[in-house]
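Peer 1: Just the structure for this:
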Amino acid sequence: MRATRQRILHRALVLPAALYTCGCAVPLGPGYAVQKQEIRVRFDNSGRPSVRVEAEYHLKNTGNQPLPSLDVRLPGKSVHTTALAMSWDSETLPLERSAVNPRDTTLELSKPWALGENHTLRIAFEIQEPADGERGLRFARDAFFLPQENWSPVLLPPRGFLASGGLPPAKWNLTVTVPRAFRLHMSGERAKRSQHDGEATFRSQQRPQDRYPFVVAGSYLETAINGGNRKVFLWTRAKPDAKTIRESSESLIRASGAYDSAFGLRGNGHQPLWIVECPEAEGCFTGRNAPYAKLLDLPQGNSMAEMISLDTTLVGQQDSGTKIALAAAPFLAASWLGYGRNPGFFEQQPPLSAFPIFAASLGREAVEGTSVRGEMIRNALSEIPIAEVKGATENPETIRAKSFLFFFALRDRYGEAVFQKAIQHMLTARQGKGFNLDDLIAAFEEETHKNVAQFVRLWMKHPGVPDDFRARYEGKTTAVLTPKEREP
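Peer 2: Numbers count the residues shown, from 1 in each chain. This is a model prediction of the structure:
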């Protein structure tokens, strides 16, 4: 019996190694490949504005068994879809919603998908505006957008052990048709444009680094702003005056410079950014950032902004250049931290869940001056009771405020130079992979050669905030620790 178990273990270890050595493409589980795909988008403003989406996928069963079904993830609840239809070659398929995730739909095939067989899957639907009083994606007659997540279909791997499939091919086309007068920005390589019967069609080749497609288009006026090492395109309904352009330019240069210093150059350091006036304010802002955004203590009316892609931020209507920059700059911070590229970017646990909003605070400070740092810190301190019972459970508001202040305390403790080096080291090492608290601690311990985990526990595992931190910032100054006050 023992010898038999040893032979089984030997085969389990040797077979994968042998397959790797010989380069054999032997499937180890159920799977399929997306050999070709295209998603077509058409904006219709002839009546109530809507968007028609048609996706086509050419698929091949590359696994080790026939497949009886296919799973697809459809747009989320914030995207109101109608007229949903799916077909397998020329056959219309019945749809069965998942009981686990309402976005997932199982397509039951009329006969099993045999090994090596090729088939074409087509998915079509319309995105309509939600009913009055309901929240969701909304369009204007002269502008619309589709964010980088939540609107395009996603093919899922088949069920089973060692399953694979659903990933897009290395290159595929996104085609968008809009009224001819529209200006358009979309994911992928520079779009090719054609015109016909009052409409313009843009075709852009998507690549793996684009992850999820996005579109923003409308009757916008474009103003190019020189933002330091990069160009910023400001899209507005009305032409901004010279003062607005000057104020926006100066503020955005300061904000992007602060992000470059703190987090390293974004991409190659020269990728442009787009700041776009929201088509319809009620349907632009999800409120996803709201619980943390209030910690920025922004002036009333300057918190209406949200990223929709790695390089594009929507803003509400503003009446001055400073306000445009003040609204956009904090939320641009997410671009430097890997918006849409790091897995779980929006699902971090405290204290890292507050990292994007701490990054945003650097943008506000760069735009308005260092005096706002103390205002933001005192605003967050007001959310944390002074006297906490040992072992008491803190409420979500307190934990968010502590997480936000944790990064200020970390920078105070180890100094700005060490803070920047450690953060940049973590972001570089974990690019595209996501990061957690252990990665943060490891980066700081590598830079400081000290027990940073102990400092983290002091902050996050005990109720309230350390007395010395509160005493330092509850006055009217924003004093930071001197080198002598920091850890030896």
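Peer 1: Pop the domain breakdown of this structure in here.
Peer 2: When the chain is parsed with automatic domain parsing, its domains come out as 32-210, 221-288+298-335, 352-473.
Peer 1: Run through the residues that contact Arg40.
Peer 2: 53-56, 175-177 (C-beta atoms under 8 Å, 6 or more residues apart in numbering). No exception for glycine: its C-beta is placed from N, CA and C like everyone else's.
Peer 1: Tell me the predicted confidence for Gly283.
Peer 2: For Gly283, the pLDDT comes out at 79.
Peer 1: What of Arg159?
Peer 2: At Arg159, pLDDT is 90.
Peer 1: ok, it touching Asp71?
Peer 2: Yes - in this structure Arg159 lies within contact range of Asp71 using C-beta atoms under 8 Å: 7.4 Å.
Peer 1: Give me the more crowded residue out of those two.
Peer 2: Asp71 (19 against 12; other C-beta atoms under 10 Å).
Peer 1: For the more buried one, give its distance to Val100.
Peer 2: Going from Asp71 to Val100 by C-beta to C-beta, to the nearest Å gives 11 Å.
Peer 1: same thing with Arg411?
Peer 2: Distance from Arg411 to Val100, by C-beta to C-beta: 42 Å.
Peer 1: More neighbours: which of those two?
Peer 2: Set Arg411 next to Val100 and count neighbours by other C-beta under 10 Å: Arg411 wins out with 20 against 7.
Peer 1: The more buried one falls within a helix, correct?
Peer 2: Yes - counting by DSSP: H, G, I helix; E, B strand; the rest coil, Arg411 is part of a helix.
Peer 1: pLDDT below threshold where in the chain?
Peer 2: 1-25, 227-229, 267-270, 287-289, 299-303, 318-322, 326, 340-346, 387-392, 475-488 (pLDDT under 70).
Peer 1: Off-centre distance for stretch 196-206?
Peer 2: Stretch 196-206 sits 26 Å away from the centroid of its parent chain (C-alpha atoms, centre = their mean, to the nearest Å).
Peer 1: who touches that stretch?
Peer 2: Contacts of stretch 196-206 (C-beta under 8 Å, 6+ apart): 168, 171-180, 182, 184, 186-195, 213.
Peer 1: Make a PyMOL selection of the buried ones in those residues.
Peer 2: Here is the PyMOL command that picks out the buried ones among the contacts of stretch 196-206, judged by 16 or more other C-beta atoms under 10 Å:
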select buried, resi 168+172+173+174+175+176+177+178+179+182+184+186+187+188+191+213
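Peer 1: So which of the contacts of stretch 196-206 are in strands?
Peer 2: Taking DSSP state E as the definition of strands, the contacts of stretch 196-206 contribute 172-179, 184, 186, 192-195.
Peer 1: For the residues you listed, could you give me JSON lines that also reports distance to Trp336?
Peer 2: Shown next, in JSON lines, are these (distance: C-beta to C-beta, whole Å):
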{"residue": "Trp172", "distance to Trp336": "28"}
{"residue": "Asn173", "distance to Trp336": "29"}
{"residue": "Leu174", "distance to Trp336": "25"}
{"residue": "Thr175", "distance to Trp336": "31"}
{"residue": "Val176", "distance to Trp336": "28"}
{"residue": "Thr177", "distance to Trp336": "33"}
{"residue": "Val178", "distance to Trp336": "30"}
{"residue": "Pro179", "distance to Trp336": "34"}
{"residue": "Leu184", "distance to Trp336": "25"}
{"residue": "Met186", "distance to Trp336": "22"}
{"residue": "Lys192", "distance to Trp336": "30"}
{"residue": "Arg193", "distance to Trp336": "31"}
{"residue": "Ser194", "distance to Trp336": "35"}
{"residue": "Gln195", "distance to Trp336": "37"}
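Peer 1: and those residues, which two are the farthest apart?
Peer 2: Within these, Trp172 and Pro179 form the most distant pair, 25.1 Å apart (C-beta to C-beta).
Peer 1: Can you name the residues that contact Ile127?
Peer 2: Applying C-beta under 8 Å, 6+ apart to Ile127 gives the contacts 50-53, 75, 79-81, 137, 146, 151.
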